[in-house]
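In: Next come a sequence and a model predicted from it.
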Amino acid sequence: MARLSVPTTARLPSSLPVETSNSAVVKLLNRLSRPSLLSMVLDWLDPTNQSMCPPLLQGRDDDDDDFYPPAGSLEELRDIYSDMQQRKGSKREVVDRIVEGDWRNGVTLYQLAMADIQYLYDHPGSLKWTAYKIQRLKTPSSEDGAEGPQKLDKECLAIPRFHPSTFVQNLQAEVLPDVKAHYNLDRPEGMPLWLLRIFILDSPYNTGLAVSNRIGERAATSFDASRTVYIAFPRRLAARLPSTGATTTGESKSLRALIVEGIPKAMSRPRERYALRPAHLSTRNLAELLHVKGAGRTNAAGGGWSIYASENQRTDSPLNPVLPTPPLSDEDATEGLAGGARKKRALSTKTTHDKYQQEAKRARLVAQARFGDSAKADDGKGIERVDILVEDPFAAVTGERRGGGDAEDVGEDDDTSSQQHKRTKGRRSGVDLAFERGQDGDEDDGGDARDWKPQVRLTFHGSHVFAGIRQLVEAGIVDGERMPGWMTGEEGVTIGAVRHGRIRGYKGSGL
Amino acid sequence: MSSSRSRDESLDLSIADQLDDEIASLLAQVESLKKELKIQTSTLMVSEPTRKLLQDRSQKRTVNSLDSGPVAELLKKSDEQVAHQQQCLYRSCASITALKIRDPDPNAVDGGNVLGLRFEVMSKARFVRPYYVMLNRPYPNSRHLRVHRHTVPPCVPLAGLAARHLPAPKPKGGGANDDDDGEFQQEQDLARFARALRRELVRYQNRIGIVGDLHNAVELKNSQASEVLDDDTIVIQTISPADTEAKQISVEWSDGKAGRLIIDDDGKIVKMAVQGGQGQDRGAARDLIGGYMHIEELMGRLEGT
């Protein structure tokens, strides 16, 4: 620990120890399961990590009645923990050993960051992610232009480039001097992402004073007032460094606004400014976010359009002479071979049964046409909540009204677990705000004022909303042919206003 | 007793395994035969003699009786096959083809009419899965197009190209408040848009391809050389793309030096910087790219030496 604590604007160093008597430390460690805790500890004990998370080793004046006598060397300690990995035991045993034994002098911020990120990997749904779009701003041509509102440079061909270390440096410059932040960058396995964890403390110091809870009453609260924000940047699978299509952040409101303001400034360079725009998409599922805002082909081809983006079609080369079966009849062909006998029998039995089967098959085909390969219940890309505001006049087009009515039913049938037509006040305000914001930027081709436009608001709620709708279509409960397009999830938004049966402002999604 | 039984079991097991293997191989054979059958059928269907035969037959049939039967069906299939063949020919030669798509959304604009553009790009001597751009006409009383859906990866600046070549029509009256260049109505130019987009896609694919080749070449060389060379020789360890556009390439040497090679859209080398233990290492950069203008020349060097 540095001897002098001077207020500074530097970031918090990774090796800064936090006292283990701090309840936040124990809480963080206790959240993890025993296996992930142990594998993490073994990571800490790696020789390359010693500058960041040094354990207490034997050497100084040792008490003999110490419950956790310090180990003689790193290897010895590693053996102890791998031993724990082999046998069964409680999580408490491991946490106690860390807190009261090998790291009794303090756990560093780096270790805390690792524990927090490990928790995120173990519980991928624990944070809510919001997608943002990075857009280039026009360089103002004159002094006067610089003062005015920022304009988007729509004709720009450059792609914003994300360079982690430069980004963190610039972001630090944006952080106010009375807050201190610790940054930890990670590349989760199996996901083409950069994950930046920002841990923020209310303290002007970047030494032990910032995290100690012994000195004074005021400082004691600072650790509890800490906040954590995650930022994710998509990265190509093969590439090491990403450019971006979207940014996402999670957790804590007021602070998030601060960070969200800082991100475009940190991305920008002289004569190259960027702005963040909300993409009206927020979910707990990172995989879905990557699917819709990642670096692949699927960004602007959701729902039924996904057949154009799917990679697993071999027959699409122009050098393939075989006549392609249309995507919907593939299933028929295989079924015709395998279930020939079954079909014959079906023909001979009652016609009602036959009719029912035909209808079921037709519903399946319609679902395939509307959803393509997307919205399968087991694809792990579930969106848990979708908010839709219908702005269409009530009686103008009966077809649209009917569609809306159907949708409401779906919302209620979809998932019995948590659906009850949201009336939570706190959430609603946020949703309202987003709707209003969405209305600002859009073209206003408003219809007649005489039409009666009731405020119809639909909330779909469940573990995988669009898979639920697909199942309803397959079961024949929702008419797949008359179902509006936004019910397939092809727009890639979780919040939106519907006008003329389409989500406003998203006609050219992905642009 | 017990040992003999276990032997029996293992014998049973091995027989079962053998049968499973046999079944698997037979199934694979069936698959490949089916595939071959399909290919042969498609070739036969479009061959001139077959078509002639079918046409003669069907003409005779229509004269003789009302029902056409299997011959007409075959002829229809043959026609389809010919059309497909022609489409494939266009696709492989023209590289940009148009197709008509119907939007499944019942509320879609313009009655669900969608114009699809299909971009064929070649990479590593084969066609990659085509990129699609779907356009529709959402503007009332105008034939202006707009990008509706697409499968272009985000590192290709589709939005910028669309804004340049397919500008939205200006609303009549007071629409000039948000754009100061909106004095005249810009014309849309679909052909130029398609050309520009294809160029970007091909460049992108080429860059990805060459960086992948460099990566493989280095790996191959290292695996071959690992027995011959001693540990002291400094070799390039990895070459990998450093961003999604594959315009920046990161190079790592076995002694911990790290370099960054920047190429432009077409693969011309713009800049190279190497960071060693003691600051910048200009020598290493010179050694690697000395005098080369294009990234492809680097390829020959890596393979040669």
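Out: The structure has been received and is ready for your questions.

In: Under the pLDDT cut-off, which ranges of the stretch 201-305 of chain B? List them.
Out: Along the stretch 201-305 of chain B, the model assigns pLDDT under 70 to residues B:226-233, B:304-305.

In: What residues does it have near chain A?
Out: B:G212, B:S240, B:P241, B:A242, B:D243, B:T244, B:E245, B:A246, B:Q248, B:S250 (C-beta under 8 Å from any C-beta of the partner chain). For every residue, glycine as well, the C-beta is placed using N, CA and C.

In: Please, where are all the helices along chain B?
Out: According to DSSP state H, chain B carries its helices in the segments B:2-46, B:48-64, B:70-94, B:158-165, B:190-228, B:282-289, B:295-304.

In: Which elements pack onto the fifth one?
Out: Using 3 or more C-beta pairs under 8 Å, 6 or more residues apart in numbering or on different chains; DSSP states H and E, the elements in contact with helix B:190-228 are strand B:96-102, strand B:113-119, strand B:122-123, strand B:131-136, helix B:158-165, strand B:236-241, helix B:295-304.

In: related to what we said a few turns ago, in ChimeraX, select just the buried ones from the residues of the stretch 201-305 of chain B next to chain A.
Out: Isolation of the buried members of these (16 or more other C-beta atoms under 10 Å in any protein chain shown) is achieved in ChimeraX through the command below:
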select /B:212,240,241,242,243,244,245,246,248,250
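
In: Check what pLDDT residue 193 gets.
Out: Chain wasn't specified; assuming chain A. pLDDT, A:L193: 76.

In: looking at chain B here, not the other one
Out: With respect to pLDDT, B:F193 scores 91.

In: hang on, isn't it packed against B:L166?
Out: Yes: B:F193 lies in contact with B:L166 (C-beta atoms under 8 Å); the separation is 5.4 Å.

In: Make CSV from the helices of chain B and add distance to A:Q471 to it.
Out: Formatted as CSV, these follow (distance: least, C-beta to C-beta, whole Å):
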stretch, distance to A:Q471
helix B:2-46, 31
helix B:48-64, 45
helix B:70-94, 34
helix B:158-165, 33
helix B:190-228, 37
helix B:282-289, 56
helix B:295-304, 50
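
In: With respect to burial, which of those scores highest?
Out: Comparing the helices of chain B by mean neighbour count (mean count of other C-beta atoms under 10 Å in any protein chain shown), helix B:158-165 ranks first with a mean of 22.

In: check whether that one contacts chain A.
Out: Yes: using C-beta under 8 Å from any C-beta, helix B:158-165 comes into contact with chain A via B:L158, B:A159, B:G160, B:L161, B:A162, B:A163, B:R164.

In: any idea whether the residue nearest to A:V175 when sequence neighbours are not counted is helix, strand or coil?
Out: Among residues not flanking A:V175 along the chain, A:A181 sits closest, at 5.4 Å (C-beta to C-beta, 6 or more residues apart in numbering or on different chains). With DSSP: H, G, I helix; E, B strand; the rest coil as the basis, A:A181 sits in strand.

In: Could you give the bridge partners of A:A181?
Out: A:I200 (DSSP bridges).

In: What is the neighbour count of it?
Out: Neighbour count for A:A181, taken as other C-beta atoms under 10 Å in any protein chain shown: 22.

In: And for A:I495?
Out: For A:I495, using other C-beta under 10 Å, the count is 21.

In: phi, psi of it?
Out: Note on A:I495: backbone dihedrals following degrees, to the nearest 10 are phi -150, psi 130.

In: Wait, it touches A:I383, no?
Out: No: applying C-beta under 8 Å, one finds A:I495 not in contact with A:I383, separated by 10.7 Å.

In: domains of chain A?
Out: Following automatic domain parsing, one finds the domains of chain A at A:24-105, A:124-140+A:149-296, A:375-503.

In: Let's check: the centremost residue of chain B is which one?
Out: The residue lying closest to the centre of chain B (C-alpha atoms, centre = their mean) is B:V128, at 2.7 Å.

In: about what we covered before: how about the helices of chain B, which one is nearest A:R97?
Out: helix B:190-228 (41.9 Å; C-beta to C-beta).

In: State the distance from A:F466 to B:I15.
Out: Separation of A:F466 from B:I15 (C-beta to C-beta, to the nearest Å) stands at 48 Å.

In: ditto for B:E200
Out: 59 Å.

In: Now stretch B:57-64: average pLDDT?
Out: Stretch B:57-64 comes out at a mean pLDDT of 70.

In: same thing with stretch A:98-112?
Out: Mean pLDDT, stretch A:98-112: 81.

In: next one: stretch A:454-471
Out: Stretch A:454-471 comes out at a mean pLDDT of 87.

In: Just the buried positions in it, please.
Out: Going by neighbour count (16+ other C-beta under 10 Å), the buried part of stretch A:454-471 is A:456-471.

In: Look at A:F167 and give its secondary structure.
Out: helix.

In: Only alpha carbons, please: show stretch A:77-94 as CSV.
Out: What follows is stretch A:77-94, C-alpha atoms only, in CSV (Å, rounded to 0.1, in the frame of the first residue of the first chain):
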residue,chain,number,x,y,z
LEU,A,77,-0.7,-24.1,-1.8
ARG,A,78,-1.8,-25.3,-5.2
ASP,A,79,-1.7,-28.9,-4.0
ILE,A,80,-4.0,-28.0,-1.1
TYR,A,81,-6.5,-26.4,-3.4
SER,A,82,-6.3,-29.2,-6.0
ASP,A,83,-6.8,-31.6,-3.2
MET,A,84,-10.0,-29.7,-2.2
GLN,A,85,-11.1,-30.0,-5.8
GLN,A,86,-10.8,-33.8,-5.7
ARG,A,87,-12.8,-34.4,-2.6
LYS,A,88,-16.2,-33.2,-1.6
GLY,A,89,-16.8,-30.5,0.9
SER,A,90,-18.7,-27.3,1.5
LYS,A,91,-18.2,-24.0,-0.3
ARG,A,92,-17.9,-22.4,3.1
GLU,A,93,-14.6,-24.2,3.7
VAL,A,94,-13.0,-22.8,0.6
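
In: what pLDDT does the residue nearest to B:K38 when sequence neighbours are not counted get?
Out: Nearest non-adjacent residue to B:K38, counting by C-beta to C-beta, 6+ apart: A:V322, 4.9 Å away. For A:V322, the pLDDT comes out at 78.

In: picking up where we left off before, the buried residues of stretch A:454-471: which two are farthest apart?
Out: Maximum pairwise distance among the buried residues of stretch A:454-471 (C-beta to C-beta): 24.5 Å, between A:V456 and A:S463.
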